[in-house]
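Undergrad: Fold the stuff below for me.
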Amino acid sequence: MVHSCKKYFRIVLCWVFFLSIFSSVPFAAKADSKRPDVEALLVLDASISMNDSDPKKLGNEAMKMFVDMLSVDGDKLGAVAYTDKVIREKALLAVKDEQDKKDLKDFIDTLERGPYTDISVGLNEAIKILESSHTEGNIPLIILLADGNNSLNINAGRTEAKAKADLEKGIAAAKEKGFPVYTIGLNADGTLNKDVMVNLSNQTQGKFFTTNSSEDLPKIFSEIFADHGQVNVLPVGSFKSNGDFQEVKVNIPNDNVVEANISITSPNAVDVELMKPNGEKVALSSGNVVYSKSRAYSMVKLLSPEKGDWKLRVKGKKNDQVDINLIFNYDLSLTLGQLENKPYKQGDTIKVQAFLKNAGEDVSPELYKSMKSTLLITDLKTNQSSTIDMIPGDSSFDAAFTFQNENPHSFQVKAEGESFYRETEPITLNGDGAKEAAVLPAPKKKAAVKEDESSFPWLMAAAGVIGVIVLAALIIFLLRKIKGDTTPMMGQFSIEVRDNDTYDYESPQYRQLDRFSGKTNFFDVMGRRNDFQETRDIEIVRNGQGLMLINKSKSTIEKDGGLIDVNGKEPIYIGDRFTINLTEVSKTVEVEYTY
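TA: Below you'll find the model as predicted:
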């Protein structure tokens, strides 16, 4: 009976698809107005040799400052600490609030150091994590901090040839996947293998940084954050502390700033006060101000700050060097206007426009006038390039270009302001490779439509589609009654298992849920591991666009600060996290439900 129903159900679906082709009407999908999220993997050389290169663990402090600069609106971050093997790692998790950032910074604080080092191990693990969790359209990057050459364990059979081959595989994979790798070389003892680090970053479209002192690491991490976000690091103040409060001005240039990150670095802790443009004193870590600090830095994050000159007052230890920098987060995007895709001849002139959008909305004319915009044109046959200064208007940057020949040309616009810049994707005219989204097809003459008896019977087709859909719904209902819900679950579980005796974490596991339909249990999701026997009674049921977690086990399940009691139910949606505290073994399972 079930087999027969499934057979007819597939036939019905084919008819629905067939008829929907004739009844479909073109439509424009609403563009996602939110800026792409950052997906960053921090990769740290945790070998003992770092004790000499970075005795104060300022690399860890710089990573924590990078965490604090991230937006709390969906940016993702993971971490890998390696020697000649992965020591600890943190899955790529979305940052939704300050507690998420605290969890990441606490993780960084727990990283220990061990013998040997093999760069390929850290790189390949980071790529594996990004591959399993990367969301199309987001901005991935890997930041790899190392202090020198490999130091391999020959007793384990590891050779330089094998390590080099694995590193080349990692570079090729990062390049293919579009994962840029920013490398930071600590050269404290002068033995840094610069060529390896430069090749790694150049091959993957990242950048290489080097320093002889770990004191420079917070600044380098700020530059990486700025470069990847197409913003500039703005120096706000640099002074020797006199032991009293010293004041600097922090200018918010426009109303399009989503977040303003004010970083304060000093050898010792500092005291901070903040005033709005109207002179009103602002309490730190309240309202739209988030304040965080660590041993080597303090961070003041202003959320949707008011335009104008804010005042920051900083008191450090007398004679300490205090450096203050400003980095903005913007939702601004720059796009090329539509261009007619037709053959262009010598002497033909085209008008090129570029548009700024703030979270998908138009920006003020003042922003256009405060920026410099340049049109870059490259003749793809001769490889010669030229630039044209674009004219800022009230709602666009404008320029005109006249073809000197019929060769294919690429067009790209770059707009620069004091605190940020944006670039469009290049498009090609008079050749292959044009970006369809930015190119307007040449107009065609419409054919006359003859309305006679031969016209397609749209009304009948629509009625047929409705009837078929009703029939399909009836069959679905019958199938579910016969066998239960057969619709595959959505998303995946990102799982980390912690040993509560040693506090060591297992490598993150990613369990796809689409192989389960309707209902399963956590024991099956985990591949029936013997130490997870008690999770047989943690049921997972498909629940609309999410899941329902039903706890019938002895385990304690925590979610959003509350407990799911025995026989308790809790809906789980994409982005939710929960923790399973096992009772039969001394282990804790941390789970995030992701796409």
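
Undergrad: make it CA atoms for all contacts and neighbour counts henceforth
TA: OK.

Undergrad: what are the ranges of the strands in the stretch 151-300 of the chain?
TA: Taking DSSP state E, counting those that start in this stretch, the strands of the stretch 151-300 of the chain run over residues 181-186, 208-211, 234-240, 246-252, 257-265, 271-275, 281-282, 289-293, 297-303.

Undergrad: winner for burial among those strands?
TA: strand 181-186 (a mean of 26; mean count of other Cα atoms under 10 Å).

Undergrad: per-residue confidence averaged over it?
TA: Mean pLDDT, computed over strand 181-186, is 89.

Undergrad: will you turn the strands of the stretch 151-300 of the chain into JSON lines that also has distance to residue 53?
TA: As requested, those are arranged in JSON lines below (distance: least, Cα to Cα, whole Å):
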{"stretch": "strand 181-186", "distance to residue 53": "7"}
{"stretch": "strand 208-211", "distance to residue 53": "10"}
{"stretch": "strand 234-240", "distance to residue 53": "26"}
{"stretch": "strand 246-252", "distance to residue 53": "33"}
{"stretch": "strand 257-265", "distance to residue 53": "20"}
{"stretch": "strand 271-275", "distance to residue 53": "29"}
{"stretch": "strand 281-282", "distance to residue 53": "39"}
{"stretch": "strand 289-293", "distance to residue 53": "23"}
{"stretch": "strand 297-303", "distance to residue 53": "20"}
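
Undergrad: Out of those, which is closest to residue 534?
TA: Proximity to residue 534 (Cα to Cα) singles out strand 289-293 among the strands of the stretch 151-300 of the chain, at 40.1 Å.

Undergrad: What lies in contact with that closest one?
TA: 68, 283, 284, 285, 298, 299, 300, 301, 302, 303 (Cα atoms under 8 Å, 6 or more residues apart in numbering).

Undergrad: before we move on, the earlier item: closest one to residue 115 among the strands of the stretch 151-300 of the chain?
TA: strand 181-186 (17.5 Å).

Undergrad: Report all helices and strands that the closest one contacts.
TA: Applying 3 or more Cα pairs under 8 Å, 6 or more residues apart in numbering; DSSP states H and E, one finds that strand 181-186 contacts strand 139-146, helix 194-203, strand 208-211.

Undergrad: Distance from that strand to the middle of the chain?
TA: Put simply, strand 181-186 sits 19 Å off its chain's centre (Cα atoms, centre = their mean, to the nearest Å).

Undergrad: Okay, angle between that strand and helix 194-203 too, please.
TA: Strand 181-186 and helix 194-203 meet at an angle of 160 degrees, taking axes from the mean of the first three to the mean of the last three Cα atoms, to 10 degrees as the criterion.

Undergrad: Tell me which strands strand 181-186 pairs with, and in which orientation.
TA: The strands that strand 181-186 pairs with in its sheet are strand 139-146 (parallel), strand 208-211 (parallel) (by DSSP bridges).

Undergrad: Out of those, which gets nearest to residue 570?
TA: Ranked by Cα to Cα, the member of these that lies closest to residue 570 is strand 139-146, at 32.3 Å.

Undergrad: tell me the mean pLDDT over the closest one?
TA: On average, strand 139-146 scores 90.

Undergrad: How about stretch 150-162?
TA: 84.

Undergrad: Figure out how far it is from the centre of its chain.
TA: Averaged C-alpha coordinates place stretch 150-162 at 34 Å from its chain's average position (Cα atoms, centre = their mean).

Undergrad: what's the span of it from first residue to last?
TA: 12 Å (Cα to Cα, to the nearest Å).

Undergrad: ditto for stretch 256-273
TA: Stretch 256-273 end-to-end distance (Cα to Cα) = 24 Å.

Undergrad: For residue 511, find the nearest of the helices and strands packed on strand 181-186.
TA: Per Cα to Cα, nearest to residue 511 of these: strand 139-146, 21.4 Å.

Undergrad: among the strands paired with strand 181-186, which is nearest residue 194?
TA: Using Cα to Cα, the nearest of those to residue 194 is strand 208-211, at 8.3 Å.

Undergrad: And the contacts of that closest one?
TA: Against strand 208-211 from outside (Cα under 8 Å, 6+ apart): 182-188, 197-198, 201-202, 217, 220.

Undergrad: What of stretch 574-583?
TA: So stretch 574-583 is in contact with 94, 491, 534, 546, 554-560, 587-595, going by Cα under 8 Å, 6+ apart.

Undergrad: May I see the buried residues of that stretch?
TA: 574, 577, 578, 579, 580, 581, 582 (16 or more other Cα atoms under 10 Å).

Undergrad: can you check stretch 547-556 too?
TA: Using 16+ other Cα under 10 Å as the burial criterion, the residues of stretch 547-556 that qualify are 547, 548, 549, 550, 551, 552, 553, 554, 555, 556.

Undergrad: With stretch 166-185 instead?
TA: Under the neighbour-count criterion of 16+ other Cα under 10 Å, stretch 166-185 has 166-167, 170-171, 173-175, 179-185 buried.

Undergrad: how long is it from one end to the other?
TA: Using Cα to Cα, the two ends of stretch 166-185 sit 20 Å apart.

Undergrad: re the thing from before, just the contacts of strand 208-211 now: which is nearest residue 156?
TA: For these, the nearest to residue 156 is residue 197 (24.8 Å; Cα to Cα).

Undergrad: The closest one touches residue 183, doesn't it?
TA: Yes. Judged on Cα atoms under 8 Å, residue 197 makes contact with residue 183 at a distance of 6.1 Å.

Undergrad: which outside residues touch stretch 347-355?
TA: The contact list for stretch 347-355 (Cα under 8 Å, 6+ apart) reads 334-337, 339, 395-405, 413.
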